[in-house]
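Asks: need coordinates for the below:
(chains A and B)
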Number of protein chains: 2
Amino acid sequence: MNEFHLINEFLKPTLYEREDVELGIGDDAALLKVPEDKRLVLSMDSLVSGVHFPENVAGNDLADKALMVNLSDLAAMGATPAWVTMALHLPCYDEAWMKAFSQQFHKRLSEYQLQLVGGDISRGPLSITLQVHGFLPLNKALLRSGAQVGDDIYVSGQLGLAKLALDHVLDEGAKEPLLHDAFYRPKPQLALGQSLLDYANSCIDISDGLLADLSHILEASAVGAKLHYESIPVHPLLMSKMEDAREYALTHGEDYQLCFTVPKASQAIMLKHVQEKCITPIGTITKAPGLVIEDKDGKDISFNHRGYRHF
Amino acid sequence: MNEFHLINEFLKPTLYEREDVELGIGDDAALLKVPEDKRLVLSMDSLVSGVHFPENVAGNDLADKALMVNLSDLAAMGATPAWVTMALHLPCYDEAWMKAFSQQFHKRLSEYQLQLVGGDISRGPLSITLQVHGFLPLNKALLRSGAQVGDDIYVSGQLGLAKLALDHVLDEGAKEPLLHDAFYRPKPQLALGQSLLDYANSCIDISDGLLADLSHILEASAVGAKLHYESIPVHPLLMSKMEDAREYALTHGEDYQLCFTVPKASQAIMLKHVQEKCITPIGTITKAPGLVIEDKDGKDISFNHRGYRHF
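Replies: A predicted model of the protein is given here:
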């Protein structure tokens, strides 16, 4: 079984064919058409065995995790996804694993109306790198650098469960379905991101922890923030399992929810959507630099651990 | 040193900024503009430590090899390169290595008028995945599937040295400069590829060996080929080192020269360019399927080993 057979058997057969793909997998490169009134948006992200997921990961789990994590980056820009490319490193050829992986991957592509347009399979320690490609209107995007003093800060969903799952999955091999799916199947907030294009000044997806990722917005926008500790939305299961659940939720990543800032002028529109879109106001952008977290009595709370360190 | 510091220090500072890059490294995704009269061309390729290069590879060598190999895929389509994205897996942080890698990478980008628009650095066994992005006119491309019966088959350059270098480099750690550079600095045939857009019916770059790669053209085009054994251009250094140099050159890859087919009607134009572009006619496309290699007496020669097997 060589690379070309693997690509032909597992990557090339697609369930969903897009009209903007002139030439997909199978030549030296893919040929694609970007709509004239759109900008191309692209993002690349890798997951490495033993670092981002356990070595005995199931094929369908890795397929979901890799795709969802990458789509989340497009969600954070407000983009509409279109194409995917993949570099897969496999330590050996395991037919059952490859089948589970590719079936799940193609199923998800079809669900999201995406097409895999390029693939490379190499022998090597297990890892997967995806690049996702999407479109944005010419004059709109959600950037990290747009936060303005006085903006309200929001976060989508409920935080903390995915990373708890990672600790469980890696450390104990536990298979609690809710935890397992929180880690392997975070739902990329594509519809929310797109709906924010008209309102939000800045946006990021939470991969390394709310504090760490919000800090990227603050740095890029040259502003500060004040967060209300008790308003941070923590997953109830986490609350039931841990004493310091809220601190854990603030400082641990993998949730792939969106954190974004919206001018006060749009507060009424946002608050109308709080329930429907499952978003929570958690604080305000300040002129003073730095990230201050206040409890309900106005007392500053600080944490040592501010997010995932990659090295 | 975390991922963000590495990206900010080594990947973000660019020597060459393109006007079609609206937003490069530093947000959740890059924002890019494809010219209205062009198609987007993209290709992704990985190099893995211990498989594609020795584990003790120098940073500047890996930078060159990864970029050249990927640009070769664009050359084989006749495309003009524009942007690059990178996923780098590093077992640890080695500042001197990273400096050598990034300085060489940015130098090459500048030479080729490319911009790095996305980067991901993860902890993991050493590997590098690049995606290259380029442009093609709306109605032109060099595909594998266009070879026609009667086409002349050409190959650029002189074959065999790069793989010989790989065997030396991996097995003995030898540092003969000519061999070393043949392996780490294959020159992507971009100008040749672009000049072939008006003439060639099909094209591929030689990564796995001439026989293996030409076979991809034959399969995609549903034709066969007859090659003239003595006409295969073999590097003189290889001829001086090996008895079966020509067989070795046919069945070993890593040269990243172009193999392409041109209709007889353009033979005169091609032959005029044989010297200037360093291309050699090596055979003819046939109706009968399969790949026949004849020596000067018309005797069929066959080889067992037809190219690099990836698994």
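Asks: helices along the stretch 101-250 of chain A, start to end?
Replies: Using DSSP state H, counting those that start in this stretch, the helices of the stretch 101-250 of chain A run over residues A:161-172, A:177-184, A:190-196, A:210-221, A:236-241, A:245-251.
Asks: can these go into CSV with extra columns for mean pLDDT?
Replies: Output for these, formatted as CSV (pLDDT from 0 to 100):
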stretch, mean pLDDT
helix A:161-172, 72
helix A:177-184, 87
helix A:190-196, 96
helix A:210-221, 96
helix A:236-241, 87
helix A:245-251, 90
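Asks: can you tell me which of those helices is nearest to chain B?
Replies: Closest of these to chain B is helix A:210-221, at 7.3 Å (criterion: CB to the nearest CB). Heads up, the C-betas are built off the backbone N, CA and C, glycines and all.
Asks: name the residues that touch that closest one?
Replies: With CB atoms under 8 Å, 6 or more residues apart in numbering or on different chains as the test, helix A:210-221 has contacts from A:143-148, A:153, A:155, A:159, A:202-207, A:224-225, A:227, A:232, A:249-251, A:253, A:255, A:259, A:261, A:285, A:289-291, A:293, A:303, A:306-308, B:4, B:26-27.
Asks: do you know how far residue A:254 is from residue B:129?
Replies: Using CB to CB, to the nearest Å, residue A:254 is found at 22 Å from residue B:129.
Asks: residue A:24 too?
Replies: Taken as CB to CB, the span from residue A:24 to residue B:129 is 19 Å.
Asks: more neighbours: those two, which one.
Replies: Neighbour tally, residue A:24 and residue B:129, criterion other CB atoms under 10 Å in any protein chain shown: the higher count belongs to residue B:129, 31 against 20.
Asks: tell me if I'm right that the more buried one and residue B:46 touch.
Replies: Yes - if you go by CB atoms under 8 Å, residue B:129 and residue B:46 touch, sitting 4.3 Å apart.
Asks: find residues that contact each of the two.
Replies: By CB under 8 Å, 6+ apart, the residues touching both residue B:129 and residue B:46 are A:87, A:120, A:129.
Asks: pairing-wise in the sheet, spell out the partners of the first one.
Replies: When bridges are called by DSSP bridges, residue A:87 pairs up with residue A:120, residue A:129.
Asks: tally of neighbours for it?
Replies: Each residue near residue A:87 was counted by other CB under 10 Å, and the total is 28.
Asks: check what pLDDT it gets.
Replies: pLDDT recorded at residue A:87 is 97.
Asks: then the last one?
Replies: Predicted confidence (pLDDT) at residue A:129: the value is 98.
Asks: now swap in the one 10 residues further on and tell me
Replies: At residue A:139 the predicted local confidence, pLDDT, stands at 90.
Asks: look up phi and psi at it.
Replies: phi -120, psi 20 (degrees, to the nearest 10).
Asks: so what are the domain limits for chain A?
Replies: Following automatic domain parsing, chain A resolves into domains at A:3-137, A:144-297.
Asks: give the rounded mean pLDDT of the longest helix along chain A.
Replies: The single longest helix within chain A, with elements called by DSSP state H, is helix A:59-77. The average of the pLDDT scores along helix A:59-77 is 98.
Asks: for the stretch 51-200 of chain A, which residue gets nearest to chain B?
Replies: residue A:124 (3.5 Å).
Asks: chain B contacts on the stretch 151-300 of chain A?
Replies: The stretch 151-300 of chain A comes close to chain B at residues A:203-205, A:216, A:220, as judged by CB under 8 Å from any CB of the partner chain.
Asks: ok, which pair from those is furthest apart?
Replies: Comparing every pair within these by CB to CB identifies A:205 and A:220 as the most remote, at 14.1 Å.
Asks: what about these two, which has more around it?
Replies: Between residue A:205 and residue A:220, counted using other CB under 10 Å, the more crowded position is residue A:205 (27 against 17).
Asks: quick one: contacts for that one?
Replies: Under the criterion of CB under 8 Å, 6+ apart, the neighbours of residue A:205 are A:72-73, A:75-76, A:189, A:213, A:256-259, B:28.
Asks: again, only using 6 Å
Replies: A:72, A:76, A:256, A:258 (CB atoms under 6 Å, 6 or more residues apart in numbering or on different chains).
Asks: same deal with residue A:148?
Replies: Residues in contact with residue A:148 (CB under 6 Å, 6+ apart) are residue A:201.
Asks: that older thread, and the residue of the stretch 51-200 of chain A closest to chain B, how many residues sit next to it?
Replies: 23.
Asks: I figured it hits residue B:49, correct?
Replies: No - the criterion here is CB atoms under 6 Å, and residue A:124 misses it with residue B:49 at 7.7 Å.
Asks: quick one: low-confidence parts of the stretch 201-311 of chain A?
Replies: The model of the stretch 201-311 of chain A has pLDDT under 70 over residues A:303-311.
Asks: then the stretch 1-150 of chain A?
Replies: Applying pLDDT under 70 to the stretch 1-150 of chain A flags residues A:1.
Asks: got the residues of it near chain B?
Replies: A:1-3, A:27-34, A:36, A:39-46, A:48, A:51, A:73, A:76-77, A:85, A:87, A:89, A:93, A:118, A:120, A:122-125, A:127, A:129, A:131, A:143-144 (CB under 6 Å from any CB of the partner chain).
Asks: now restrict those residues to buried residues only.
Replies: Among these, those classed as buried by 16 or more other CB atoms under 10 Å in any protein chain shown are A:2-3, A:27-32, A:34, A:39-46, A:48, A:51, A:73, A:76-77, A:85, A:87, A:89, A:118, A:120, A:122-125, A:127, A:129, A:131, A:143-144.
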